[in-house]
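> Structure, please.
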Amino acid sequence: MATGPLATAARAATATAAAAAALLVLVAASDPRAAFAVESPSAEPPTQTVHLSLPFSGVWGVIQGFESGETHVGYAAFALDFVPAQPAGTRAPRRGAALARFACYGRPVLAPADGAVVAAHGGSRDWPAYTKGRDQGNYVILEHAPGEYTEFRHLAARSVTLAVGDRVHRGDVVGRCGNSGNATTPHLHIGFLSSIDPITTRLMTLSGYEVMNVDGTWHEGDGTPQKGEILRPFAD
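This next block holds a predicted model:
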């Protein structure tokens with residue numbers, strides 16, 4: 001989650017175990033509940049019917065997974081946090097550095113499936129790095145099927161141009177990675193919901209991606225990204 005080349009070179013034969021561990025975990029607590037009533041995660045929601053792709057292109061890493069015991073508990077138990085993967089040894093930007101120095105900042109956030117916008121906010125600022133925001137931040141929530149929604153949080157200022165009722169297709173840009181809301185460094189938060197009134201999170205399964213092995217090769221993902229994994233869409 002710092003500056004430096006992206007880990008797209010991971011496909012090369014020179015990829016090493018060090019590259020597979022090249023994630024900089026610099027995300028502090030985040031709570032995207034503002035402006036919504038919240039319930040506990042759905043324990044036994046209906047079977048997921050929508051095919052959810054990764055909401056980005058390129059090689060990214062999971063910095064927080066489901067029920068992490070960190071900030072992904074309660075409301076956010078089934079959420080995931082991502083940042084672009086970085087080469088081992090990449091230093092994080094110093095305190096006071098511009099947000100553009102973070103590899104995540106400004107990266108397109110993509111719709112993981114066709115759907116309709118049911119909630120969106122784009123008027124919040126980006127907070128300086130390492131400063132916890134004090135507002136709801138910028139977000140988009142998409143409905144893909146009855147009881148199947150995805151939400152995207154901490155989006156960049158002025159990057160959300162969608163409005164309620166807009167239709168999107170898989171791969172469309174819904175915003176850009178930012179540092180709005182209650183987050184201290186740029187990262188992408190995605191959650192899967194069974195309800196938005198009140199917000200109720202549920203377990204999600206992603207598909208169409210592969211995970212880097214310690215030797216730099218790749219294998220198909222099992223649908224449940226884990227903290228520390230480096231992954232990419234099949235098409236990349």
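> C-alpha from now on. contacts and neighbour counts both.
Fine.
> for residue 189, what are its contacts?
Applying Cα atoms under 8 Å, 6 or more residues apart in numbering to residue 189 gives the contacts 79, 80, 81, 82, 151, 152, 153, 154.
> What pLDDT does the model give the spatially most central residue of the chain?
The geometric centre of the chain, computed from its C-alpha atoms, lies nearest to residue 188 (Cα atoms, centre = their mean), at 3.1 Å. What the model reports as pLDDT for residue 188 is 96.
> Also residue 94?
pLDDT, residue 94: 91.
> Could you count how many residues lie near it?
Neighbour count for residue 94, taken as other Cα atoms under 10 Å: 11.
> hey, where'd the strands end up in the protein?
60-64, 80-84, 108-110, 115-121, 138-145, 148-155, 167-168, 173-176, 188-196, 199-201, 209-212, 218-220, 230-233 (DSSP state E).
> could you give the mean pLDDT of the fourth one?
It refers to strand 115-121. Averaging pLDDT along strand 115-121 gives 98.
> which helices and strands does that strand pack with?
Contacts defined by 3 or more Cα pairs under 8 Å, 6 or more residues apart in numbering; DSSP states H and E place strand 115-121 against strand 138-145, strand 167-168.
> quick one, helices of the protein?
17-20 (DSSP state H).
> lowest-pLDDT helix or strand in it?
One helix or strand of the chain scores below all others by mean pLDDT, DSSP states H and E: helix 17-20, with a mean of 36.
> can I get the strands of the chain in JSON lines with distance to residue 101?
Shown next, in JSON lines, are those (distance: least, Cα to Cα, whole Å):
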{"stretch": "strand 60-64", "distance to residue 101": "16"}
{"stretch": "strand 80-84", "distance to residue 101": "13"}
{"stretch": "strand 108-110", "distance to residue 101": "16"}
{"stretch": "strand 115-121", "distance to residue 101": "25"}
{"stretch": "strand 138-145", "distance to residue 101": "20"}
{"stretch": "strand 148-155", "distance to residue 101": "16"}
{"stretch": "strand 167-168", "distance to residue 101": "30"}
{"stretch": "strand 173-176", "distance to residue 101": "15"}
{"stretch": "strand 188-196", "distance to residue 101": "16"}
{"stretch": "strand 199-201", "distance to residue 101": "32"}
{"stretch": "strand 209-212", "distance to residue 101": "25"}
{"stretch": "strand 218-220", "distance to residue 101": "28"}
{"stretch": "strand 230-233", "distance to residue 101": "21"}
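> can you tell me which of the ones you listed the model trusts least?
Lowest mean pLDDT of the strands of the chain: strand 199-201, a mean of 80.
> related to what we said a few turns ago, so which of the contacts of residue 189 wins on neighbours?
Using other Cα under 10 Å as the neighbour criterion, residue 154 leads the contacts of residue 189 with 35 neighbours.
> Skip the chain neighbours and tell me the closest residue to residue 149.
Excluding the flanking residues, the one nearest residue 149 by Cα to Cα, 6 or more residues apart in numbering is residue 143, at 4.4 Å.
> who are the neighbours in contact with the one you found?
Contacts of residue 143 by Cα under 8 Å, 6+ apart are 115, 116, 117, 118, 149, 150.
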